[in-house]
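1. build me a model:
(chains A and B)
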2 protein chains.
Amino acid sequence: MGLERIFNAQSVAIVGASLDEKKRGFQAIRTLLDDKYEGEIYPVNPRVDRILRMKCHKSVLDIEKHVDLALITTPARTVSSVLRDCGRKGIAGAVIVAGGFGEFGEEGRRLETEIVHTATQYNIRIIGPNTSGIINVHRNMNLVGLKDVPRGNIALLTQSGNVALNLITEAKLKSQKGFSYYVGVGNEADVKFHEYLEFFENDPNTKVILIYVEGLRDGRKFLQQAYKTTTKKPIVLLKSGRSVTGKKSAGSHTGALAGISEVARTSFERAGIINIENYDALFPAAEVLSSLPLIYNNRVAILADGGGHATIAADLLTDHGVKLPTLKKKTQARLREVLPQNASVHNPIDVAGGTDSNPAIFADCARILLEDKHIGGLLIVGLFGGYGIRFAERLKFIEEDAAHQMGKLVKETGKPIVLHSLYNFAKPHSLELLRYYEIPVYDSLDIACKSIAVLSQHGHHSAERYNKASFVFKWGAKAKEEGEAIISNARKEGRNVLLEHEGKQLLQLHGAPVSLDRLAENADEAVKIAKELGSEVALKIVSPDILHKTDAGGVKLNVKTEEEVRICFKKIMENARQYNDKADIKGIIVSRMAGEGVEIIIGTKIDEQFGPVIMFGIGGILVEVLKDVSFRVLPISRIAPKSMISEIKSYPILNGVRGRPPVDKRAISTLLLTVSEVIEAYPQIQEMDMNPVIAHEDGITIVDTRIILKKTWK
Amino acid sequence: MGLERIFNAQSVAIVGASLDEKKRGFQAIRTLLDDKYEGEIYPVNPRVDRILRMKCHKSVLDIEKHVDLALITTPARTVSSVLRDCGRKGIAGAVIVAGGFGEFGEEGRRLETEIVHTATQYNIRIIGPNTSGIINVHRNMNLVGLKDVPRGNIALLTQSGNVALNLITEAKLKSQKGFSYYVGVGNEADVKFHEYLEFFENDPNTKVILIYVEGLRDGRKFLQQAYKTTTKKPIVLLKSGRSVTGKKSAGSHTGALAGISEVARTSFERAGIINIENYDALFPAAEVLSSLPLIYNNRVAILADGGGHATIAADLLTDHGVKLPTLKKKTQARLREVLPQNASVHNPIDVAGGTDSNPAIFADCARILLEDKHIGGLLIVGLFGGYGIRFAERLKFIEEDAAHQMGKLVKETGKPIVLHSLYNFAKPHSLELLRYYEIPVYDSLDIACKSIAVLSQHGHHSAERYNKASFVFKWGAKAKEEGEAIISNARKEGRNVLLEHEGKQLLQLHGAPVSLDRLAENADEAVKIAKELGSEVALKIVSPDILHKTDAGGVKLNVKTEEEVRICFKKIMENARQYNDKADIKGIIVSRMAGEGVEIIIGTKIDEQFGPVIMFGIGGILVEVLKDVSFRVLPISRIAPKSMISEIKSYPILNGVRGRPPVDKRAISTLLLTVSEVIEAYPQIQEMDMNPVIAHEDGITIVDTRIILKKTWK
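-> The predicted structure follows:
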């Protein structure tokens, strides 16, 4: 159900309205009046007659007119009954302030389930509970009590009131930008992050979505929605809580703590989200995206009036992955015409005193640089704005002229300028002018660099977007039917695990190149199969009770002659019985030995936040000790395997090292896509482990496969 | 020679004194007069009579009285002759402003050599050239022209005038701290970074040294001096220019660009330098070290009045390597007494509204936390300072009281408090009070976290210091003598490379466990040696003309019988002749085959900035493909090998994986120390490559060693 009627409510009931100035039930009404909310306000409190000259209702049911939204400020235990009244009244949404629900132990979780149940029953949507409230800034519908929220086009979604206060204060003090909406997301008991995204994607007052999140209730839906939303509007996000999660999760170590999880990081990136790790850069990232054109070619020029700032900026942009191309001859020549002889006209450009007596030269250089079609954006660092202070007062008028020129230049060329100024603190008029033209000005060089990098990151994402479209695969109905049969058969036998040959069969149904394995129930059969395969073979025990075949002595490799086959068959059977004398032994698989190649590992599991994910790495110590693996949320797109394969650190091994030939990366890609298809086709699968797969110069061999089913699947 | 007479000059000559207000030769005199410098000022210009009512001298030689220091503002080509005059006058130092020296092509380098020569001849020390000048802030000796440099105890050394301007502006606007000296280091033609360090180490007005550096002329001496200096005073440093260097160096790739070089990073760390990568954190790091006691146990408590800030701060501190211990029961109980029931008294501590009506509770909590001997420092994040604004005006007086209490608490407990406040912008009196007590207050949460982490980093360094003392090794005179003979013998034969058995012999002289290799000149000798070794052997060609023995077919492994020895001997000789028929073949080395173990690699080379460095890694793809190695500048201390070995990512392999036993890490450590000793003993060595060394469960085997000598050694 849409959130339209909630965010654009024509009437609001304040349940728990109060005469006590310190209480939320008073402040909310006062704020709505102060901010001149144009809708109707209905205070509700059975024990009060009038509040702030308005009639107070005993219950929402007593309100005569239509009500869109209720702000519920009463304690947790009362909420369910209030909600029922709201439901009967036909109210669309309830903003529930009280804490003490899901975040507060067993009893809290029970209360939360209860209110969600009530809401569903009456078709009410809940925002929160445990929320600071919501604001529709353009309509002055302020249910939070934060004063003077600046109006603008950034929608703010947060799980912390203090972080919101911080961001809003920053907007007021340092920027001319502001907010379209504020949402305290709270516990996400009912309305979840992805639903807010969908609403803001279609909201005409919102250009950028800014998110502070500690935990996602449904990470998978969030990613899916974000993937859509970022085609239209950028999403800037800071996710915290990694150290808290880290402490709780037993298997964690320092490496895992340094940043958000790899799964989250790559998922956010793939969904086109701007993931911010530095808190200071959070609002500026949203600000710059709400103000300026994007950079589509990832190429930026730096214009500086001092070597130090230029060098630091070059380092930072390089760290952020932005390219600083050397300028074309023609552009260098044009710069030479306006700059002194000792200026550097490479990139970074250092004016070397060339602007000291005439800061308008900044505008000349900006024009020359942005007219170069190889340059996508411009970062100006240093003293601009301070020439009138530092050198001669009359220069401030020249700076103001330059500001006008640069402001118009951005509109004209459709390319951004971001400015760092040491004199920002002095609030010179020239910098105010730049802000008027929506050119952000920062006193932090770090932030200026990060901001222009963000324009490049989102521009790149937009430009590459067409490559990332195909997401979902079709699977043959027949394959699916046969696959389901394999799984039901295992279920029937009371197993949560598919045996090796069953797993391989399932993969083969979906087109994976599975080796010619066959099950032998006795030595004679094994000999026959080995002869047919016509090469060295491997023998492996098949039993639902023996998962770790090697440990059980259940594997023999490089078996050559008929005699060897017979001896090994016998030995494996003996070992298996010794290992577990109650094991249900299905027989022994006979398969051709895999040729030379590189061992790779492919696995899938269910991530707590993001659902099914796939993992790829090179076998042995590289995965086991160095954890050199790449992750993606499933399903993956057709182009995902290429980056999954190339982003592991040990990638060069696949291209051939120490005189070995490169392996068949195309075959690995196809297998990754097949695994994606299989996991989509059979939601019954809990995890899959293909370890190892041998990648040859030509083709691959899946040596072993383990598939575990969900226990509770019905 | 000491810099005392320069930095505390009683008299300054301004050579190039000018009547033009825009010129440095005018501004310098004006600034000295304005700032009330108490020494003598002597303007020098042959074409002017009086400047600012002072007599102008034709030359420094015309000054009647004694002169300590000359500020030379004349163009580059005139500097040498001015210096000569200064020399004759007995002036101790010259600050040379002009550019156009070493940084400006061939002619510039020639000029620079010339002035250094002149200075040496006359016993003058040069600061610069290409410097913005120097300031002794406490004595008002301002030879830069920067206005209102705040006085304090931070010595600032920089290679960028704009960065200096930035830091000084930041100090003025956001802090109560200031500077003892400012030095524009310039080209380091004569006085180098390490000499300034030594001066500031002994300067009573300086407590912290703050450095911005783009390139070090003598990185090795800098490290040696820094290592000494940081026992007395912290050094905070930002090194930029990595992306510029990166562009120039052909072999560089993205990985190498993301941060300063590994050698630089580990060297700075070992020397106890606080290495800052984020420009915004540079001044705050110096500020906090100049104000507060250190944290010696790396354990910090976070006190917050909101969940969001607490969670973000916990993430950031964890990223910085600071520990957030769970509080002891007793401390938790004491907190419970002053906080509401729903407060979190773990760490981070969330007051959960407990301070809303009484912010003095911050001081109560601070006392409880800092009185816990397991807590080394306190970070307060959130709204403190804003209670009087946000809740009720009277609360501001309570906040002021709390500020007094917390300020005194720091002195009393000797533990630091750092504060983040969202209301810093409003400049409430309570925050001014905290600054009076030298508690820094930041509006950036990122910076607040980094600052307290810096206190912990330097405290940890100080606490660990006693472990890091021993640096230099003694080598037996006899070993050295025999080693020199091996090297001279190679030189005599016109070789820059030591043959395998020579290299091993050299290592053995210094105690390395070298295998029982012997050189056989014919097959009979080889058989004899093989018998004596009594096991499988390896045969390897020995020739100064065949460095890549395997490529030449010059290696045979696992040779067992007498017959095999003869066949292999013949085959190797044939292969070698075929590979290079002019090769000077010394014979064939016969050595015992190394047993099972892990292949490791140890190498040394000469780093451009830091001199000899040592590298350690695990052989094969881990070094070749993943570049998983650790570096140290040589010589290394006795405790260095332990961290060198454990900091590689593949370290777990040495502890035994896949059922293998752990290897003998003690033997590896000893070998690293031996290599350090050898490189110190023979500065003739350019690089050494031990690849592989086999590390066994007990002991190690050096399988191959290659030592290359410097070409130009005399």
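2. tell me the domain boundaries of chain A?
-> Domain segmentation of chain A under automatic domain parsing yields A:1-132, A:146-244+A:253-291, A:293-467, A:516-592, A:598-709.
3. in a markdown table, list those domains along with mean neighbour count, distance to B:Lys323 and mean pLDDT.
-> For glycine as for every other residue, the C-beta is placed from the backbone atoms N, C-alpha and C. As requested, the domains of chain A are exported to a markdown table (neighbours: other Cβ atoms under 10 Å in any protein chain shown; distance: least, Cβ to Cβ, whole Å; pLDDT from 0 to 100):
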| stretch | mean neighbour count | distance to B:Lys323 | mean pLDDT |
| --- | --- | --- | --- |
| domain A:1-132 | 19 | 26 | 93 |
| domain A:146-244+A:253-291 | 21 | 11 | 89 |
| domain A:293-467 | 21 | 26 | 94 |
| domain A:516-592 | 17 | 38 | 88 |
| domain A:598-709 | 19 | 23 | 90 |
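4. and B:Gly39, which of those is closest to it?
-> Proximity to B:Gly39 (Cβ to Cβ) singles out domain A:293-467 among these, at 27.2 Å.
5. how far away from the center of its chain is the closest one?
-> Taking Cα atoms, centre = their mean, to the nearest Å, the mean C-alpha location of domain A:293-467 is offset from the chain mean by 30 Å.
6. kindly report the same for stretch A:485-500.
-> Computed by Cα atoms, centre = their mean, the chain-centroid distance of stretch A:485-500 equals 35 Å.
7. and the stretch 251-400 of chain A, which residues reach chain B?
-> For the stretch 251-400 of chain A, the residues in contact with chain B (Cβ under 8 Å from any Cβ of the partner chain) are A:257-259, A:278-280, A:305-309, A:311-312, A:314-319, A:324, A:342, A:382-383.
8. keep only those of those residues that are in strands.
-> Residues from these lying in strands, with DSSP state E as the criterion: none.
9. so which of these sit within helices?
-> In this view, those that belong to helices under DSSP state H are A:Leu257, A:Gly307, A:Gly308, A:His309, A:Thr311, A:Ile312, A:Ala314, A:Asp315, A:Leu316, A:Leu317, A:Thr318, A:Asp319.
10. out of those, who's nearest B:Ser180?
-> A:Gly308 (21.0 Å).
11. what sits against the nearest residue to the closest one once chain neighbours are set aside?
-> Excluding its sequence neighbours, the residue lying closest to A:Gly308 (Cβ to Cβ, 6 or more residues apart in numbering or on different chains) is B:Ser160, at 2.4 Å. Residues near B:Ser160 by Cβ atoms under 8 Å, 6 or more residues apart in numbering or on different chains: A:Gly306, A:Gly307, A:Gly308, A:His309, A:Thr311, B:Tyr212, B:Glu214.
12. how about the nearest residue to the last one, chain neighbours excluded?
-> For B:Glu214, the nearest residue in space outside its immediate sequence neighbours is B:Gly241; the separation is 4.3 Å by Cβ to Cβ, 6+ apart.
13. so the one you found sits against B:Leu216, correct?
-> No: B:Gly241 is beyond contact range of B:Leu216, at 10.4 Å (criterion: Cβ atoms under 8 Å).
14. circling back: now, among the contacts of B:Ser160, which is nearest to B:His429?
-> Nearest to B:His429 among these, with distances taken as Cβ to Cβ, is B:Tyr212, at 33.9 Å.
15. run through the bridge partners of the closest one.
-> B:Thr158, B:Leu238 (DSSP bridges).
16. isn't it up against B:Val163?
-> Yes: using Cβ under 8 Å, B:Tyr212 is in contact with B:Val163, at 4.8 Å.
17. what residues are shared contacts of the two?
-> Common neighbours of B:Tyr212 and B:Val163 (Cβ under 8 Å, 6+ apart) are A:Gly308.
18. for A:Gly553, helix, strand, or coil?
-> Following DSSP: H, G, I helix; E, B strand; the rest coil, A:Gly553 is assigned to coil.
19. ok, it to chain B distance?
-> 15 Å (Cβ to the nearest Cβ, to the nearest Å).
20. same deal with A:Pro293?
-> Counting by Cβ to the nearest Cβ, the gap from A:Pro293 to chain B is 25 Å.
21. can you check A:Leu327 too?
-> Taken as Cβ to the nearest Cβ, the span from A:Leu327 to chain B is 14 Å.
22. got the residues of the stretch 601-714 of chain A near chain B?
-> Counting by Cβ under 8 Å from any Cβ, the stretch 601-714 of chain A sits next to chain B at A:Ile621, A:Leu622, A:Glu624, A:Val625, A:Leu626, A:Asp628, A:Lys649, A:Ser650, A:Pro652, A:Ile653, A:Val657, A:Arg658.
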